[in-house]
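Peer 1: Output the structure for:
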Amino acid sequence: MAKAIMVVGTMSNSGKSLTVAGLCRVFNQDGHKVAPFKSQNMALNSFITKEGAEMGRAQVVQAEAANVEPSVLMNPILLKPTSDSGSQVIVNGEAIGTMPAVEYYRYKHKLVPDIMKAFNKLGEDYEIICLEGAGSPAEINLKSFDIVNMGMAKMAKAPVLLVADIDRGGVFASIYGTIMLMDEDERKMVKGIIINKFRGDVEILRPGLKMIEELTGVPVVGVMPMLKVDIEDEDSLSDRLTSHTEVKLIDIAVIRTPRMSNYTDFNVFELVSGVSLRYVTSVRELGHPDMIILPGTKNTIGDMKWMRQVGLEAEILKQASKGTVIWGVCGGYQMLGKTISDPYGVEEGGDHQAMGLLDTETSFIEHKRTIQMEGKFGDVKGIFSCLSGEPLVGYEIHSGVTTYPDDKAMTNIKPIHEAEESFLEGSQNVENGFNVYGSYVHGVFDNEGIVVKIVEALLAKKGMKMDDIKTINFAEYKKQQYDILAQAVRDNIDMKKVYEILEAGL
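Peer 2: Alright, predicted model coming up:
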């Protein structure tokens, strides 16, 4: 079986995910076959594996860092919030239903066999498993049914590294409080402390490091600086969504709906100098961008109603009539159509009028479609006619079936690892000056050359050329960022001590 090590945090957003990604990269660079693992993840950002299983994107990022294929074994339980008090529960990549928080709390112990089956299977195929906790291990109201923090560490027999965020202040209190709120046997499992997001001279911090080691009996194995590294982060806590981005030569606005999902679909636009990618929640923030994106969502009907209430729907319709490019992805694509029906109560039930910008009708069905796919753009018209014939690879996660006239189809795709024939997908409206496009495909913008062609078309509309801005190869850029992260781990964490902890186990 593989050796295991676990990373937990004093709080959410302490840096657990990035620490695991960094360790995975270092272990991989050192010649080890390493896999990430998080027994239970709560996130709206998800990914579809080649087998059609749904998992959290955080573990996909960590798998990329480890240079291995993402597998649902790395994240056997995914919770996708549908409201403030309930989530869709996905086990081994398949949705088993939606549960209120209280119901899931009582139910989750039944999932331990699924968790351990996934963990043990990884243990057969990898040398090292790097586990990630969730939130804080000191949530004393949740300890009795813990399956993701110290409870998971016990099941995996994994020594624990505790990560603490110094940038928010109170780092020593949070370290001490977290450890002291653990049971005695749990405290013995914590073998190292990592202080994260430090700014300044580490020598000034050393007296505090010595004191916290004496108080807890746990060595500080590293002090990680505040990194300038561009790696995907957890959706609900991303600074991308709240930062005020300066409007640049080409301005792209993403509507940040309350249940937005898979916002990482658009990260690639940030790698083009001269392009601003902004997340907006009001008409005032929207302004007059060159392109408006309606992203995926876990609640299409609810988010569409929200856009209607805050005036964004009316403003988007106004701008679309003047030729502004509108692109909908997944739930955003569904909103752009004429109607949305929910006969099975997948979301809110009933029939609903949508925005009417595309000649499509969507009906929700009980079974979710989760596939990876490949294909090409068909006969794309309007401002993005340059996309016609371009190859694409991506994945779909949706419950709706959308119908439209064949002559409005935008892509021709085929599921990967399935016997299905290729089929038409997506829709467009380029009549009377409109430039409206929609598709179910996540990740379409990541395909080489797609973003360049989109930006070229938006520049041409302004009478400009691509020579005025520069682009970066997205795949190479991601590899570079993982290597930067790994070097920072080597420079600031005692990897010799980490390997000793790993080898000693529990």
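
Peer 1: Can you give the distance from stretch 162-175 to the centre of its chain?
Peer 2: Its chain's average C-alpha position is 25 Å from that of stretch 162-175, according to Cα atoms, centre = their mean, to the nearest Å.

Peer 1: now that stretch: mean pLDDT?
Peer 2: Stretch 162-175 shows a mean pLDDT of 94.

Peer 1: Outside of it itself, list whatever touches it.
Peer 2: Stretch 162-175 is contacted from outside by 7-11, 13-16, 19, 137, 178-179, 190, 192-199, 208, 211-212, 216, 218, 226, using Cβ atoms under 8 Å, 6 or more residues apart in numbering. For the C-beta atoms, the positions are set from N, CA and C on the backbone; glycine is no exception.

Peer 1: The residue nearest to Asp483 when sequence neighbours are not counted and Pro225, how far apart?
Peer 2: Distance criterion Cβ to Cβ, 6 or more residues apart in numbering; nearest residue to Asp483, sequence neighbours excluded, is Arg25 at 7.1 Å. Applying Cβ to Cβ, to the nearest Å, the value for Arg25 to Pro225 is 17 Å.

Peer 1: Between these two, which has more neighbouring residues?
Peer 2: Arg25 (26 against 15; other Cβ atoms under 10 Å).

Peer 1: from memory the more buried one sits against Arg490, does it?
Peer 2: No. Using Cβ atoms under 8 Å as the test, Arg25 is too far from Arg490 to be in contact (9.7 Å).

Peer 1: on that earlier part again, give me the subset of the contacts of stretch 162-175 lying in strands.
Peer 2: Among the contacts of stretch 162-175, the ones falling in strands (DSSP state E) are 7-9, 190, 192-198.

Peer 1: okay, these in JSON lines with neighbour count next?
Peer 2: As requested, the ones in strands among the contacts of stretch 162-175 are arranged in JSON lines below (neighbours: other Cβ atoms under 10 Å):
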{"residue": "Val7", "neighbour count": "27"}
{"residue": "Val8", "neighbour count": "28"}
{"residue": "Gly9", "neighbour count": "27"}
{"residue": "Val190", "neighbour count": "24"}
{"residue": "Gly192", "neighbour count": "22"}
{"residue": "Ile193", "neighbour count": "25"}
{"residue": "Ile194", "neighbour count": "25"}
{"residue": "Ile195", "neighbour count": "28"}
{"residue": "Asn196", "neighbour count": "25"}
{"residue": "Lys197", "neighbour count": "20"}
{"residue": "Phe198", "neighbour count": "18"}
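
Peer 1: Surely Tyr333 is within a helix?
Peer 2: Yes. Under DSSP: H, G, I helix; E, B strand; the rest coil, Tyr333 falls within a helix.

Peer 1: can you pull the contacts of Val229?
Peer 2: Val229 sits next to 18, 481, 484-485, 488 when contact means Cβ under 8 Å, 6+ apart.

Peer 1: Most neighbours of all the residues you listed, which one?
Peer 2: Among the contacts of Val229, the one with the most neighbours (other Cβ under 10 Å) is Leu18, at 27 neighbours.

Peer 1: Tell me which stretches of the stretch 51-200 of the chain form helices.
Peer 2: With DSSP state H, counting those that start in this stretch as the definition, the stretch 51-200 of the chain shows helices at residue ranges 57-65, 101-107, 112-125, 150-156, 171-180, 184-187.

Peer 1: no, scratch that, I was asking about the stretch 351-500 of the chain
Peer 2: 450-461, 474-492, 495-504.

Peer 1: Closest one to Pro36 out of the ones in strands among the contacts of stretch 162-175, please.
Peer 2: Using Cβ to Cβ, Val7 is the member of the ones in strands among the contacts of stretch 162-175 that sits closest to Pro36, with 9.8 Å.

Peer 1: partner residues bridging the closest one?
Peer 2: Glu132, Leu161 (DSSP bridges).

Peer 1: just checking, it touches Leu23?
Peer 2: Yes. Val7 is in contact with Leu23 according to Cβ under 8 Å; the separation is 7.3 Å.

Peer 1: list the residues that contact both of those two?
Peer 2: Common contact partners of Val7 and Leu23 (Cβ under 8 Å, 6+ apart): Cys130.

Peer 1: Would you check how far apart Tyr155 and Tyr105 are?
Peer 2: Slight slip there: residue 155 is Met, not Tyr. When distance is defined by Cβ to Cβ, Met155 is 18 Å away from Tyr105.

Peer 1: Quick one, which of the helices of the stretch 51-200 of the chain gets closest to His398.
Peer 2: With Cβ to Cβ as the measure, helix 57-65 is the member of those nearest His398 (16.3 Å).

Peer 1: the inter-axis angle of that closest one versus helix 474-492?
Peer 2: Interaxial angle, helix 57-65 versus helix 474-492 (axes from the mean of the first three to the mean of the last three Cα atoms, to 10 degrees): 80 degrees.

Peer 1: Give me the contacts around the helix or strand of the chain with the lowest mean pLDDT.
Peer 2: Within the chain, no helix or strand scores below strand 409-415, which has a mean of 84 by mean pLDDT, DSSP states H and E. Residues outside strand 409-415 that contact it (Cβ under 8 Å, 6+ apart): 52, 371-378, 380, 392, 420-428, 437-439, 441.
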